[in-house]
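Asks: below are the sequence and a predicted model for it; my questions follow.
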Amino acid sequence: MGAASTFKYILKRIVVSILILFGVSIILYALLRCMPTDFVEQRILALNQTGETVSQEFIDQLYKTYGLSKERTFSTIVGGYFTWLGNVFKGNFGNSFINQRPVISEIFDPNRMGTSFFVAAISTVFEFLIAIPLGITAATHQYSVRDYVVTVLVLIGISLPSFFFGNLLKDIFANKLGWFPPSGMGNAGMNYTPLQKAMDYMKHMFLPILTVVILSIGGRMRMTRTNMLEVMNSDYIRTARAKGLKESKVIYKHAFRNTMIPLVTSLAGLIPSLFSGAMITEQVFDLTGIGNYALKAMTQGDIPVIMVYNMFLAILSVLGVLLADLMYAVVDPRVKLG
């Protein structure tokens, strides 16, 4: 495929992606405005619970301050959306309702984003290192004890909720055995050397990373096993065996190479997960990551934060899909873009 046709394909996909992002922003904003309660109502409820009297003038001023409308009609939602969109085109993404800080600096805070990226990146590396060999083993020993063990692990990884499994690990290894800290990201107030500080950080990150790894390897193992079984039944694999090649050479040189095609292209789909944060896991272990922050923003109706956070993930998703298509054409010459 020539460079000109590739550029034309990428340009066409970018135009389509812009239209998709525009539609996503409309649906997302409409859903947020149609929620049963909004940020102003939650703030008024909190003031009432403290015994303060809230006047109607104060309520109207709050709605005006946050650019919201008490009436959730079609016209107010559409007007609010285009006001938000116009501000975005001007480079004004708004301030967080909760702390009145710029949304961009809140979401892309290096410590917050760095924490989520660290957990996701390390988890992804171990996910591939564990899931791919186990998936190959299950496929090459179909219906054996190894295959059944991998199948059980797959079911566990797919079925267990993250909040349940995270709390289970925390209860066993932190509360009962005391091997790891139950929550947080470090022991505050300790005069550690850089090495001791790094070790303490890793100790706090171990259980969250373990939770994400165990719950994510199931799907990866199933994908590897399914692809490997499909390849192992191909004609060229039977031909390679008929020529007398060693089984290890048949598996790892011929079969595994073709099994890697969907695995390699799936790497592009991991891009959003590296920056989105593991919401439930971060909350269970009280990590100050972007996932935990976004979850709190959603529960409190912080529309500017939720919009920018989800649109950022939407952009990463469409870029990931585009990258996956390009990677698929690279690793498999039979695929033509267009």
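Replies: On my side now, so go ahead. Numbering: from 1, shown residues only.
Asks: contact partners of stretch 76-96?
Replies: Contacts to stretch 76-96, defined as CB atoms under 8 Å, 6 or more residues apart in numbering, come from residues 25-26, 29-30, 33-34, 67-69, 101-104, 106, 297, 302, 304-305, 307-308. All C-beta spots, glycine's among them, are computed from the backbone N, C-alpha and C.
Asks: next, the buried residues of that stretch.
Replies: Of all the residues in stretch 76-96, those buried under the rule 16 or more other CB atoms under 10 Å are 77, 80-81, 84, 93-96.
Asks: which one of these sits closest to A3?
Replies: Nearest to A3 out of the buried residues of stretch 76-96 is F93 (CB to CB; 35.8 Å).
Asks: quick check: closest non-adjacent residue to that closest one.
Replies: Using CB to CB, 6 or more residues apart in numbering and skipping residues adjacent in sequence, the residue nearest F93 is V103, 4.7 Å away.
Asks: if I pick that neighbour, what's in contact with it?
Replies: Residues near V103 by CB under 8 Å, 6+ apart: 93-96, 304-305, 308.
Asks: which pair of those spans the longest distance?
Replies: Between any two of the contacts of V103, the greatest separation by CB to CB is 11.0 Å, found for N95 and V308.
Asks: what residue ranges in the stretch 101-250 of the chain score low on pLDDT?
Replies: 185-190 (pLDDT under 70).
Asks: tell me where the stretch 151-300 of the chain has helices.
Replies: All helices of the stretch 151-300 of the chain, identified by DSSP state H, counting those that start in this stretch, fall at 162-169, 194-232, 235-242, 247-249, 256-266, 271-276, 279-284, 290-300.
Asks: relative to V231, how far out is P262?
Replies: Distance of P262 to V231, given as CB to CB, to the nearest Å: 10 Å.
Asks: who has more neighbours out of the two?
Replies: V231 (20 against 17; other CB atoms under 10 Å).
Asks: show me what contacts that one?
Replies: Applying CB under 8 Å, 6+ apart to V231 gives the contacts 237, 255, 258-259.
Asks: ditto for N258
Replies: Contacts of N258 by CB under 8 Å, 6+ apart are 231, 234.
Asks: ok so, going back, so of the contacts of V103, which ones are in strands?
Replies: Among the contacts of V103, the subset assigned to strands under DSSP state E is empty.
Asks: tell me what the helix or strand where Y9 lies is packed against?
Replies: When elements are assigned from DSSP states H and E, Y9 belongs to helix 3-33. Counting contacts by 3 or more CB pairs under 8 Å, 6 or more residues apart in numbering; DSSP states H and E, helix 3-33 is packed against helix 74-89, helix 303-331.
Asks: can you give me the buried ones in that helix?
Replies: Buried, per 16+ other CB under 10 Å, within helix 3-33: 9, 13, 17, 20, 24-25, 28-29, 32-33.
Asks: repeat for stretch 251-268
Replies: 251, 254-256, 258-259, 261-263, 265-266, 268.
Asks: one more: stretch 143-162?
Replies: Using 16+ other CB under 10 Å as the test for burial, stretch 143-162 gives 147, 150, 153-154, 157, 160, 162.
Asks: would TSV of these with distance to P194 be doable?
Replies: Listed next are these as TSV, based on distance: CB to CB, whole Å:
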residue	distance to P194
D147	46
V150	40
L153	37
V154	40
G157	35
L160	36
S162	32
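Asks: from those residues, pick the one nearest I209.
Replies: Proximity of the buried residues of stretch 143-162 to I209 (CB to CB) peaks at S162, which lies at 12.6 Å.
Asks: for that closest one, what are its contacts?
Replies: 211-212, 215, 278, 280-281, 284.
Asks: at 6 Å instead, please
Replies: By CB atoms under 6 Å, 6 or more residues apart in numbering, S162 lies in contact with 215, 280-281.
Asks: again with I156
Replies: With contact set as CB under 6 Å, 6+ apart, I156 has no partners.
Asks: switch the cut-off to 10 Å
Replies: Neighbouring residues of I156 by CB atoms under 10 Å, 6 or more residues apart in numbering: 165, 214-215, 217-218.
Asks: domain parsing for the chain?
Replies: Following automatic domain parsing, the chain resolves into domains at 3-106, 109-300.
Asks: possible to save those domains as a markdown table with distance to L319?
Replies: A markdown table is the format used below for the domains of the chain (distance: least, CB to CB, whole Å):
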| stretch | distance to L319 |
| --- | --- |
| domain 3-106 | 8 |
| domain 109-300 | 7 |
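Asks: out of the ones you listed, which comes closest to I315?
Replies: Comparing the domains of the chain by CB to CB, domain 3-106 comes nearest, at 6.5 Å.
Asks: end-to-end on the closest one?
Replies: Using CA to CA, to the nearest Å, the end-to-end distance of domain 3-106 comes to 40 Å.
Asks: chain center to it, what's the gap?
Replies: Centroid separation for domain 3-106 versus its chain: 22 Å, with CA atoms, centre = their mean, to the nearest Å.
Asks: that older thread, for L195, which of the helices and strands packed on helix 3-33 is the nearest?
Replies: That would be helix 303-331 among the helices and strands packed on helix 3-33, by CB to CB, at 34.0 Å.
Asks: any idea which residue is closest to the centre of this structure?
Replies: S273 (2.7 Å; CA atoms, centre = their mean).
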